[in-house]
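Trainee: can't give you the sequence, but here's the structure:
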(Lines give C-alpha, C1' and ligand atoms only; values in the text may rest on other atoms or scores of the structure.)
Protein backbone atom coordinates (compact mmCIF):
# COMPACT_ATOMS: atom_id res chain seq x y z
CA UNK A 1 0.00 0.00 0.00
CA UNK A 2 1.48 3.38 -1.03
CA UNK A 3 2.24 6.16 1.39
CA UNK A 4 -0.41 8.43 -0.09
CA UNK A 5 -3.09 5.79 0.34
CA UNK A 6 -1.98 5.07 3.92
CA UNK A 7 -2.28 8.79 4.63
CA UNK A 8 -5.82 8.82 3.22
CA UNK A 9 -6.79 5.87 5.42
CA UNK A 10 -5.25 7.50 8.47
CA UNK A 11 -6.94 10.83 7.85
CA UNK A 12 -10.30 9.18 7.25
CA UNK A 13 -10.02 7.33 10.54
CA UNK A 14 -8.81 10.49 12.27
CA UNK A 15 -11.81 12.49 11.10
CA UNK A 16 -14.25 9.69 11.82
CA UNK A 17 -12.77 9.14 15.25
CA UNK A 18 -12.98 12.80 16.11
CA UNK A 19 -16.68 12.74 15.35
CA UNK A 20 -17.56 9.28 16.56
CA UNK A 21 -15.54 8.62 19.70
CA UNK A 22 -14.12 5.38 18.26
CA UNK A 23 -11.79 4.90 21.23
CA UNK A 24 -14.56 5.29 23.80
CA UNK A 25 -12.83 8.09 25.71
CA UNK A 26 -14.60 10.06 28.40
CA UNK A 27 -15.83 13.62 27.90
CA UNK A 28 -13.06 16.18 28.00
CA UNK A 29 -12.51 18.12 31.25
CA UNK A 30 -12.57 21.44 29.36
CA UNK A 31 -15.46 21.14 26.92
CA UNK A 32 -16.74 24.07 24.80
CA UNK A 33 -20.21 22.52 24.78
CA UNK A 34 -20.52 21.91 28.51
CA UNK A 35 -22.71 24.08 30.72
CA UNK A 36 -19.65 25.84 32.09
CA UNK A 37 -18.26 26.62 28.66
CA UNK A 38 -14.56 26.88 27.93
CA UNK A 39 -12.03 28.42 30.27
CA UNK A 40 -8.26 28.78 30.16
CA UNK A 41 -6.04 30.25 32.84
CA UNK A 42 -4.00 33.19 31.52
CA UNK A 43 -5.68 32.79 28.12
CA UNK A 44 -4.25 36.02 26.75
CA UNK A 45 -0.64 34.75 26.91
CA UNK A 46 -0.99 31.02 26.27
CA UNK A 47 1.21 29.17 23.80
CA UNK A 48 -1.38 27.00 22.03
CA UNK A 49 -0.92 23.68 20.24
CA UNK A 50 -3.52 22.13 17.94
CA UNK A 51 -3.91 18.36 18.00
CA UNK A 52 -6.06 18.04 14.86
CA UNK A 53 -6.35 19.57 11.36
CA UNK A 54 -9.90 20.75 12.06
CA UNK A 55 -8.77 22.56 15.20
CA UNK A 56 -5.90 24.22 13.33
CA UNK A 57 -8.30 25.50 10.66
CA UNK A 58 -10.60 26.83 13.36
CA UNK A 59 -7.85 28.66 15.22
CA UNK A 60 -6.60 30.27 12.00
CA UNK A 61 -10.15 31.26 11.05
CA UNK A 62 -10.49 32.93 14.44
CA UNK A 63 -7.37 35.00 13.75
CA UNK A 64 -5.28 33.19 16.35
CA UNK A 65 -2.44 32.10 14.05
CA UNK A 66 0.15 34.10 16.01
CA UNK A 67 -0.86 32.30 19.19
CA UNK A 68 -0.36 28.84 17.68
CA UNK A 69 3.02 27.47 18.76
CA UNK A 70 2.59 24.02 17.23
CA UNK A 71 0.30 21.77 15.20
CA UNK A 72 0.46 18.16 14.00
CA UNK A 73 2.09 16.93 10.80
CA UNK A 74 -1.42 16.32 9.42
CA UNK A 75 -2.35 20.01 9.67
CA UNK A 76 -1.98 21.28 6.11
CA UNK A 77 -4.63 24.02 5.87
CA UNK A 78 -4.22 26.87 5.62
CA UNK A 79 -0.88 26.16 3.88
CA UNK A 80 1.09 28.32 6.29
CA UNK A 81 0.15 25.93 9.10
CA UNK A 82 2.72 23.52 7.68
CA UNK A 83 5.43 25.96 8.75
CA UNK A 84 4.54 25.55 12.42
CA UNK A 85 6.39 23.22 14.79
CA UNK A 86 4.93 19.71 14.92
CA UNK A 87 3.88 17.88 18.09
CA UNK A 88 3.25 14.55 16.36
CA UNK A 89 0.82 13.04 13.88
CA UNK A 90 -1.90 10.68 15.07
CA UNK A 91 -0.12 10.39 18.41
CA UNK A 92 1.03 13.37 20.42
CA UNK A 93 4.74 13.77 21.19
CA UNK A 94 4.72 14.75 24.86
CA UNK A 95 8.45 15.37 24.98
CA UNK A 96 8.08 17.87 22.15
CA UNK A 97 5.12 19.51 23.88
CA UNK A 98 7.23 19.98 27.01
CA UNK A 99 10.26 21.18 25.05
CA UNK A 100 8.18 23.80 23.21
CA UNK A 101 6.72 24.97 26.53
CA UNK A 102 3.17 24.55 25.29
CA UNK A 103 0.58 25.95 27.72
CA UNK A 104 -2.61 24.51 26.19
CA UNK A 105 -3.51 21.76 23.72
CA UNK A 106 -6.82 21.83 21.88
CA UNK A 107 -8.20 18.63 20.39
CA UNK A 108 -11.58 17.05 19.72
CA UNK A 109 -13.90 15.13 21.96
CA UNK A 110 -13.64 11.39 21.44
CA UNK A 111 -10.26 11.49 19.74
CA UNK A 112 -7.67 13.33 21.78
CA UNK A 113 -9.31 13.07 25.21
CA UNK A 114 -7.02 10.17 26.11
CA UNK A 115 -4.22 12.75 26.23
CA UNK A 116 -5.86 14.83 28.97
CA UNK A 117 -4.29 13.08 31.97
CA UNK A 118 -0.81 13.03 30.49
CA UNK A 119 -1.05 16.70 29.57
CA UNK A 120 -2.25 17.54 33.05
CA UNK A 121 0.84 15.82 34.47
CA UNK A 122 2.92 18.15 32.30
CA UNK A 123 1.00 21.17 33.56
CA UNK A 124 -0.61 21.69 30.15
CA UNK A 125 -4.23 22.78 29.89
CA UNK A 126 -6.48 20.77 27.58
CA UNK A 127 -9.77 21.44 25.80
CA UNK A 128 -11.77 19.47 23.24
CA UNK A 129 -14.06 20.66 20.45
CA UNK A 130 -17.27 18.73 19.86
CA UNK A 131 -17.51 17.67 16.22
CA UNK A 132 -20.59 15.44 16.39
CA UNK A 133 -22.68 17.79 14.22
CA UNK A 134 -22.65 21.26 12.68
CA UNK A 135 -24.40 22.88 15.62
CA UNK A 136 -21.81 21.47 18.04
CA UNK A 137 -18.93 22.69 15.85
CA UNK A 138 -20.49 26.15 15.72
CA UNK A 139 -20.85 26.20 19.53
CA UNK A 140 -17.22 25.17 19.90
CA UNK A 141 -16.14 28.00 17.59
CA UNK A 142 -18.18 30.46 19.63
CA UNK A 143 -16.66 29.29 22.91
CA UNK A 144 -13.10 29.33 21.55
CA UNK A 145 -13.64 32.88 20.34
CA UNK A 146 -14.95 33.88 23.75
CA UNK A 147 -12.03 32.22 25.56
CA UNK A 148 -9.37 33.87 23.41
CA UNK A 149 -10.91 37.29 22.89
CA UNK A 150 -11.97 36.91 19.26
CA UNK A 151 -15.70 36.88 19.86
CA UNK A 152 -16.57 39.07 16.88
CA UNK A 153 -14.73 36.80 14.46
CA UNK A 154 -16.38 33.79 16.08
CA UNK A 155 -19.81 35.38 15.60
CA UNK A 156 -19.02 35.95 11.93
CA UNK A 157 -18.03 32.31 11.49
CA UNK A 158 -21.13 31.04 13.30
CA UNK A 159 -23.27 33.23 11.04
CA UNK A 160 -21.83 31.39 8.01
CA UNK A 161 -23.02 28.13 9.58
CA UNK A 162 -26.52 29.52 10.18
CA UNK A 163 -26.71 30.95 6.65
CA UNK A 164 -25.61 27.68 5.03
CA UNK A 165 -28.16 25.71 7.03
CA UNK A 166 -30.89 28.14 5.95
CA UNK A 167 -29.84 27.91 2.28
CA UNK A 168 -29.87 24.13 2.39
CA UNK A 169 -33.30 24.07 4.03
CA UNK A 170 -34.63 26.42 1.34
CA UNK A 171 -33.28 24.21 -1.47
CA UNK A 172 -34.88 21.11 0.03
CA UNK A 173 -38.20 22.67 1.01
CA UNK A 174 -41.14 20.78 -0.44
CA UNK A 175 -38.93 18.28 -2.26
CA UNK A 176 -38.47 14.57 -1.85
CA UNK A 177 -35.47 13.71 0.29
CA UNK A 178 -33.17 11.43 -1.76
CA UNK A 179 -31.68 8.41 -0.04
CA UNK A 180 -27.92 8.69 0.43
CA UNK A 181 -25.02 6.41 1.30
CA UNK A 182 -21.67 7.89 2.33
CA UNK A 183 -18.77 5.58 1.44
CA UNK A 184 -16.45 6.55 4.28
CA UNK A 185 -14.15 3.72 3.25
CA UNK A 186 -14.56 0.78 0.89
CA UNK A 187 -12.12 -1.86 2.13
CA UNK A 188 -14.01 -2.93 4.16
CA UNK A 189 -17.14 -0.94 3.35
CA UNK A 190 -17.74 1.54 6.17
CA UNK A 191 -20.10 4.45 6.62
CA UNK A 192 -21.48 7.02 9.04
CA UNK A 193 -24.52 7.07 11.28
CA UNK A 194 -26.25 9.28 13.85
CA UNK A 195 -23.73 11.09 16.03
CA UNK A 196 -21.34 11.70 13.13
CA UNK A 197 -21.16 15.14 11.51
CA UNK A 198 -21.29 13.50 8.07
CA UNK A 199 -24.69 12.06 8.94
CA UNK A 200 -25.73 15.52 10.09
CA UNK A 201 -24.56 17.03 6.79
CA UNK A 202 -26.71 14.58 4.84
CA UNK A 203 -29.77 15.40 6.92
CA UNK A 204 -29.26 19.15 6.78
CA UNK A 205 -28.65 18.99 3.02
CA UNK A 206 -32.09 17.47 2.56
CA UNK A 207 -31.19 13.80 2.23
CA UNK A 208 -31.90 10.60 4.12
CA UNK A 209 -28.97 8.48 5.25
CA UNK A 210 -29.75 4.83 4.55
CA UNK A 211 -27.47 3.94 7.48
CA UNK A 212 -29.85 5.67 9.91
CA UNK A 213 -29.84 2.57 12.13
CA UNK A 214 -26.09 1.97 12.09
CA UNK A 215 -25.94 1.92 15.88
CA UNK A 216 -22.69 3.87 15.87
CA UNK A 217 -21.37 7.12 14.51
CA UNK A 218 -18.98 5.20 12.27
CA UNK A 219 -19.00 1.46 11.53
CA UNK A 220 -18.77 -1.24 8.85
CA UNK A 221 -21.84 -1.69 6.64
CA UNK A 222 -22.76 -4.78 4.68
CA UNK A 223 -22.76 -4.59 0.89
CA UNK A 224 -25.89 -6.72 0.84
CA UNK A 225 -27.78 -4.15 2.91
CA UNK A 226 -26.57 -1.33 0.69
CA UNK A 227 -27.92 -3.14 -2.36
CA UNK A 228 -31.20 -3.92 -0.61
CA UNK A 229 -31.73 -0.30 0.49
CA UNK A 230 -30.79 0.88 -3.00
CA UNK A 231 -29.63 4.48 -2.34
CA UNK A 232 -30.31 7.15 -4.93
CA UNK A 233 -26.97 8.87 -4.25
CA UNK A 234 -23.52 7.53 -3.36
CA UNK A 235 -20.93 9.91 -1.89
CA UNK A 236 -17.29 8.89 -2.24
CA UNK A 237 -13.97 10.52 -1.38
CA UNK A 238 -12.01 9.99 -4.59
CA UNK A 239 -11.95 8.74 -8.18
CA UNK A 240 -10.72 5.28 -7.22
CA UNK A 241 -13.61 4.86 -4.77
CA UNK A 242 -16.08 6.08 -7.40
CA UNK A 243 -14.81 3.54 -9.92
CA UNK A 244 -14.96 0.82 -7.29
CA UNK A 245 -18.58 1.70 -6.42
CA UNK A 246 -19.67 1.65 -10.06
CA UNK A 247 -18.11 -1.77 -10.60
CA UNK A 248 -19.30 -3.19 -7.29
CA UNK A 249 -22.91 -1.98 -7.31
CA UNK A 250 -24.09 -1.77 -10.95
CA UNK A 251 -27.72 -2.45 -9.98
CA UNK A 252 -27.94 0.30 -7.34
CA UNK A 253 -30.02 3.33 -8.36
CA UNK A 254 -27.20 5.80 -7.70
CA UNK A 255 -24.96 4.00 -10.20
CA UNK A 256 -27.68 3.47 -12.80
CA UNK A 257 -28.68 7.14 -12.69
CA UNK A 258 -25.13 8.51 -12.67
CA UNK A 259 -25.35 9.95 -9.16
CA UNK A 260 -22.07 8.72 -7.72
CA UNK A 261 -20.50 11.95 -6.50
CA UNK A 262 -16.97 12.83 -5.47
CA UNK A 263 -17.21 15.00 -2.41
CA UNK A 264 -14.48 17.53 -1.56
CA UNK A 265 -12.30 15.74 0.96
CA UNK A 266 -10.99 18.59 3.08
CA UNK A 267 -14.22 20.60 3.30
CA UNK A 268 -16.38 17.58 3.97
CA UNK A 269 -14.04 15.54 6.16
CA UNK A 270 -12.88 18.19 8.59
CA UNK A 271 -15.39 19.46 11.15
CA UNK A 272 -14.24 23.07 11.10
CA UNK A 273 -14.96 26.47 9.57
CA UNK A 274 -15.29 25.12 6.01
CA UNK A 275 -18.30 22.96 6.88
CA UNK A 276 -20.73 25.61 5.55
CA UNK A 277 -19.09 25.30 2.12
CA UNK A 278 -19.40 21.52 2.35
CA UNK A 279 -23.10 21.81 3.21
CA UNK A 280 -23.69 24.19 0.29
CA UNK A 281 -22.03 21.77 -2.10
CA UNK A 282 -23.85 18.73 -0.75
CA UNK A 283 -27.27 20.39 -0.84
CA UNK A 284 -26.61 21.35 -4.48
CA UNK A 285 -25.72 17.75 -5.31
CA UNK A 286 -28.82 16.41 -3.59
CA UNK A 287 -31.16 19.04 -5.03
CA UNK A 288 -29.60 20.25 -8.31
CA UNK A 289 -32.93 21.56 -9.60
CA UNK A 290 -33.06 24.25 -6.91
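Mentor: Everything's here; your move. Predicted, not measured: the structure shown is a model, and the values here were computed from it.
Trainee: Where in the chain is the helix or strand with the lowest mean pLDDT?
Mentor: helix 3-20 (a mean of 45; mean pLDDT, DSSP states H and E).
Trainee: Let's test this: mean pLDDT of the following helix or strand past it, rounded?
Mentor: With elements assigned by DSSP states H and E, the helix or strand that comes after helix 3-20 is strand 48-50. Mean pLDDT, strand 48-50: 97.
Trainee: Pull the distance from strand 48-50 to the chain's centre.
Mentor: 18 Å (Cα atoms, centre = their mean, to the nearest Å).
Trainee: which outside residues touch it?
Mentor: Here strand 48-50 makes contact (Cβ atoms under 8 Å, 6 or more residues apart in numbering) with 56, 59, 64, 67-72, 75, 87, 97, 100, 102-107. Where C-beta positions appear, they are placed from N, C-alpha and C, glycine not excepted.
Trainee: Neighbours of the nearest residue to residue 183 once chain neighbours are set aside, how many?
Mentor: Closest residue in space to residue 183, ignoring its immediate chain neighbours: residue 236 at 4.6 Å, by Cβ to Cβ, 6 or more residues apart in numbering. Per other Cβ atoms under 10 Å, the neighbour tally for residue 236 reads 22.
Trainee: For residue 236, name its beta-bridge partners.
Mentor: Listed by DSSP bridges, the beta-bridge partners for residue 236 are residue 262.
Trainee: Report the contact partners of it.
Mentor: 183, 186, 242, 245, 260-263 are the contacts of residue 236 under Cβ under 8 Å, 6+ apart.
Trainee: Export these to a markdown table and append columns for pLDDT and distance to residue 280.
Mentor: Putting the contacts of residue 236 into a markdown table (pLDDT from 0 to 100; distance: Cβ to Cβ, whole Å) gives the following:
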| residue | pLDDT | distance to residue 280 |
| --- | --- | --- |
| 183 | 95 | 21 |
| 186 | 90 | 26 |
| 242 | 95 | 21 |
| 245 | 97 | 24 |
| 260 | 98 | 20 |
| 261 | 96 | 14 |
| 262 | 93 | 16 |
| 263 | 88 | 12 |
